[in-house]
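A.B. asks: Need the 3D shape of this:
(chains A and B)
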Amino acid sequence: MKKIILIDSIWDIRSPALQYALTAAKGTDTEIAGIFLASDSDSKTFEDAEATLEAIKQEFAAGGITFSAYVTGPEPVAFIRRIDDLMPASLVLIGEANFTGEMKKGGASIEALKEKLTCPVTTAGSLAGAQAEKKAAKGINWGKFIMYAIGSIFMYAIFYPNIKTLNGSLFMQGTVLGGLAIMAVVIVHAWVWGNTTYILPKIFKLED
Amino acid sequence: MHEVAAEAIDKINVVTQIFDANVWTMVGVVLLGFMGGTLSGFIGSGGAFLMTPGMMNLGVPGVMAVGANITHKFGKAMMGSKKHGELGNVDKKLAVFLLVTAAVGIRAAVVVNGYFFEKLGKSGSSLYVSLFFVFTLSIIGYSLLKDALKSRREPGAGPSEKLLNLSRKFQFKPLIHFKVANVHVSLVVLLVIGFCVGYMAGTIGVGGFIGVPAMIYVFGVPTVVAAGTELFLAMFMGAWGAFNYGMQGYVDLRLVLLLYAGSLTGIYFGAIGTHLVKELYIRLVTAVLIILCVISRIFAIPEYLQELNIVEFSEGSSVMFEIGSKIFLFGSGIVATFLILFWTFQAKAKKRASDLSFSHGSD
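C.D. replies: Numbers count the residues shown, from 1 in each chain, chains lettered A, B, ... in the order given. Reported below is the predicted structural model:
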């Protein structure tokens, strides 16, 4: 069985972090372990948090998802111990977690978790960003690519062999015109060649 | 007049002679570009610390290696800063202030670099660039490694605030407020740092390695804004550097185009790697690679000293120094590039597998 550890300071069934966890867990034999990061260690705060988590637990149970919940105060040691107890997990998902300065100093922060834990650690914000990026990704525009590729072939097959001659008459003459001509070539070439190679990560399936 | 013409012919022919002597040198320049581009995309700035000495190892005079690199940097930064600008990571006011002083620094560097080339020739120019490289980059490499190891011991530890606190003691008036970065910086501190960034960029083609840390550690600028502003700045500094070196006839476009052939291919892979590979790895790779490049330059220095008749070595020793320098530079570059590509493809494969297993059965 897989496990997602969900860390949040505001628990609401409509929150994006919870919805992501819910979507990922549905039908994949995945349990969710929720950590409610309370703003203080007051017993009243803990009681309220536990009541909120109990309501969420019932919602999850209705959807057939195993959910265990824990409340911790803003003490870094207790927080890290809780995470260690819940490991191993397949994913740590962080929602609106307000890590205080003291917690960050004690190693309880998003960056520290990313470095410390072996499983992927991500935030609801970055998942939303990735989704938006995926939506905006246009795939490969072959028409544009062919146009830039033709430009690149011209630069390397026709222009490049003539640079030696042009160096003697223009580029390396040590003149203002030579300096300006070099800059013009660089702007055109970087644009044309940069847009040709832009496609490579997509070809290698590193980008959608 | 006759002397100037003779020297111009020499500058024009030096790259032709290198390429004619060994055709594989061209492949070497493309490979350097690819390694530099991958690293540049991966660590946000730099690549020059590998490309400049790499070209020098292939026989290109120091002043021309820097000229080719700074010209190449101009076009590369132009493509990169477009994206940062769209994301709102650029403090244009800060960039303008730094740019004005950096332009003076670049101009000074071109004059000094040119002086060594004219007076002491190819070896003198290469010796000056190498000594400057070793001095500045050993300090930067050591600081980066120390910071990275600290993060390893104390996960989540932010950048050291020692320099920021020190610079606060030098807050001479007038103080200037930068809205995007949300910092107040003394004009005097700004002028000094800007000049240093420009002088470094103009001397060894490496500006980001002092610009970004200076903005973070001395001015207190957030890391993302520092990287975006540096790239924006690099575009103009690169343009100014390219124009200045070009105006003096030190830029051979063949080197620039060969560097682009590799770098604009590698840069996209490196940039994707930053989203997939842990930040600690990025910082460790940067620090270790800079230190290895410094060691490579240290191995190259005796050869220049011998060419200037300052010291004398046996032929065997010279060959050993030359091979040592090349092994450290190309070896570290190849290993670092391989690691970056390996981690990137590995992380992507893991992510894809995890997405597949989670999406199975999801809505």
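
A.B. asks: tell me, how many neighbours does the residue nearest to B:Ile216 when sequence neighbours are not counted end up with?
C.D. replies: In space, B:Ile216 comes closest to B:Ala226 once its chain neighbours are excluded; the distance is 5.0 Å by Cβ to Cβ, 6 or more residues apart in numbering or on different chains. Where you see a C-beta, it was placed from the backbone N, CA and C, and this is true even at glycine. When neighbours are counted by other Cβ atoms under 10 Å in any protein chain shown, B:Ala226 registers 26.

A.B. asks: tell me which element the closest residue in space to B:Thr136 that isn't next to it in sequence falls in.
C.D. replies: Leaving aside its chain neighbours, B:Thr136 sits nearest to B:Met200 (6.2 Å; criterion: Cβ to Cβ, 6+ apart). Per DSSP states H and E, B:Met200 falls inside helix B:187-204.

A.B. asks: And that helix, what's buried?
C.D. replies: If you call a residue buried by 16 or more other Cβ atoms under 10 Å in any protein chain shown, then helix B:187-204 has these buried ones: B:189-190, B:193-204.

A.B. asks: Same question for stretch A:77-95.
C.D. replies: Judged by neighbour count (16+ other Cβ under 10 Å), stretch A:77-95 contains these buried residues: A:Phe79, A:Ile80, A:Arg82, A:Ile83, A:Leu86, A:Ala89, A:Ser90, A:Leu91, A:Val92, A:Leu93, A:Ile94, A:Gly95.

A.B. asks: now these as JSON lines including pLDDT?
C.D. replies: Converted to JSON lines, the buried residues of stretch A:77-95 look like this (pLDDT from 0 to 100):
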{"residue": "A:Phe79", "pLDDT": "80"}
{"residue": "A:Ile80", "pLDDT": "80"}
{"residue": "A:Arg82", "pLDDT": "82"}
{"residue": "A:Ile83", "pLDDT": "81"}
{"residue": "A:Leu86", "pLDDT": "81"}
{"residue": "A:Ala89", "pLDDT": "81"}
{"residue": "A:Ser90", "pLDDT": "80"}
{"residue": "A:Leu91", "pLDDT": "82"}
{"residue": "A:Val92", "pLDDT": "83"}
{"residue": "A:Leu93", "pLDDT": "81"}
{"residue": "A:Ile94", "pLDDT": "81"}
{"residue": "A:Gly95", "pLDDT": "78"}
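
A.B. asks: Give me the phi and psi for B:Asn22.
C.D. replies: phi -150, psi 110 (degrees, to the nearest 10).

A.B. asks: scratch that, B:Glu279 is what I was asking about
C.D. replies: Backbone torsions for B:Glu279, taken as degrees, to the nearest 10, come to phi -60, psi -40.

A.B. asks: One more: B:Phe232?
C.D. replies: Per-residue torsions, B:Phe232: phi -60, psi -40 (degrees, to the nearest 10).

A.B. asks: That one contacts B:Val96, doesn't it?
C.D. replies: No - counting by Cβ atoms under 8 Å, B:Phe232 stays clear of B:Val96, with 9.7 Å between them.

A.B. asks: Go through stretch B:323-339 and flag the buried ones.
C.D. replies: Using 16+ other Cβ under 10 Å as the burial criterion, the residues of stretch B:323-339 that qualify are B:Gly324, B:Ser325, B:Lys326, B:Phe328, B:Leu329, B:Phe330, B:Ser332, B:Gly333, B:Ala336, B:Thr337, B:Leu339.

A.B. asks: give me the low-pLDDT residue ranges for the stretch 201-350 of chain B?
C.D. replies: Residues of the stretch 201-350 of chain B meeting the criterion pLDDT under 70: B:207-209, B:223-224.

A.B. asks: residues contacting residue 73?
C.D. replies: This is for chain A. Residues near A:Gly73 by Cβ atoms under 8 Å, 6 or more residues apart in numbering or on different chains: A:Ala38, A:Asp40, A:Ser41, A:Thr45, A:Phe46.

A.B. asks: that's the wrong chain, I meant chain B
C.D. replies: B:Ala48, B:Gly205, B:Ala234, B:Met237, B:Gly238, B:Gly241.

A.B. asks: what about the helix holding B:Met200, distance to the chain center?
C.D. replies: Centre-to-centre, helix B:187-204 and its host chain are 15 Å apart (Cα atoms, centre = their mean, to the nearest Å).

A.B. asks: circling back to that earlier point, name the nearest of the buried residues of helix B:187-204 relative to B:Met78.
C.D. replies: B:Ala201 (15.3 Å; Cβ to Cβ).

A.B. asks: Surely the closest one touches B:Ala102?
C.D. replies: Yes - between B:Ala201 and B:Ala102 there is a contact under Cβ under 8 Å: 6.9 Å.

A.B. asks: follow-up on the earlier one: please report phi then psi for the residue nearest to B:Ile216.
C.D. replies: Per-residue torsions, B:Ala226: phi -60, psi -40 (degrees, to the nearest 10).

A.B. asks: B:Tyr250 too?
C.D. replies: Backbone torsions for B:Tyr250, taken as degrees, to the nearest 10, come to phi -100, psi 0.

A.B. asks: Quick check: the gap between it and A:Ile153.
C.D. replies: With distances taken as Cβ to Cβ, to the nearest Å, B:Tyr250 is found 28 Å from A:Ile153.

A.B. asks: distance of the residue nearest to B:Ile216 from B:Phe219?
C.D. replies: Between B:Ala226 and B:Phe219 the computed distance is 8 Å (Cβ to Cβ).

A.B. asks: Please enumerate the shared neighbours of those two.
C.D. replies: Here B:Ala226 and B:Phe219 have B:Ala181 as joint contacts, going by Cβ under 8 Å, 6+ apart.

A.B. asks: which of B:Tyr250 and A:Ile153 has more neighbours?
C.D. replies: Set side by side, B:Tyr250 and A:Ile153 show more neighbours around B:Tyr250, with 25 against 12, by other Cβ under 10 Å.

A.B. asks: and the residue lying closest to B:Gly28 once chain neighbours are set aside, how many neighbours?
C.D. replies: Of all residues not flanking B:Gly28 in the chain, B:Leu58 sits nearest, at 5.3 Å (Cβ to Cβ, 6+ apart). Residues contacting B:Leu58 under the criterion other Cβ under 10 Å number 21.

A.B. asks: Next, the contact list for B:Leu58, please.
C.D. replies: Neighbouring residues of B:Leu58 by Cβ under 8 Å, 6+ apart: B:Ile18, B:Thr25, B:Gly28, B:Val29, B:Leu32.

A.B. asks: Ramachandran angles for it?
C.D. replies: With angles defined as degrees, to the nearest 10, B:Leu58 sits at phi -80, psi 0.

A.B. asks: any idea how far it is from chain A?
C.D. replies: Between B:Leu58 and chain A the computed distance is 18 Å (Cβ to the nearest Cβ, to the nearest Å).

A.B. asks: try B:Gly324
C.D. replies: For B:Gly324 relative to chain A (Cβ to the nearest Cβ), the value is 33 Å.

A.B. asks: Ramachandran angles for that residue?
C.D. replies: Backbone torsions for B:Gly324, taken as degrees, to the nearest 10, come to phi -60, psi -50.

A.B. asks: My read is that it contacts B:Ile298, right?
C.D. replies: No - using Cβ under 8 Å as the test, B:Gly324 is too far from B:Ile298 to be in contact (9.1 Å).

A.B. asks: what does the model give residue 165 for pLDDT?
C.D. replies: Assuming you mean chain A. Note for A:Thr165: predicted pLDDT of 92.

A.B. asks: Not quite, go with chain B.
C.D. replies: We have a pLDDT of 65 for B:Asn165.

A.B. asks: And for B:Asn89?
C.D. replies: Looking at B:Asn89, the pLDDT reads 68.

A.B. asks: Give me the below-cutoff pLDDT ranges for chain A.
C.D. replies: Using pLDDT under 70, chain A drops low at A:1, A:11, A:41, A:101, A:129-139, A:208.

A.B. asks: max-length helix in it?
C.D. replies: In chain A, assigned by DSSP state H, the helix with the most residues is helix A:176-197.

A.B. asks: And residue 106, its phi and psi?
C.D. replies: Since no chain was named, I'll use chain A. Torsion angles, degrees, to the nearest 10, at A:Gly106: phi -90, psi 10.

A.B. asks: oops, I was thinking of chain B
C.D. replies: Per-residue torsions, B:Ile106: phi -60, psi -40 (degrees, to the nearest 10).
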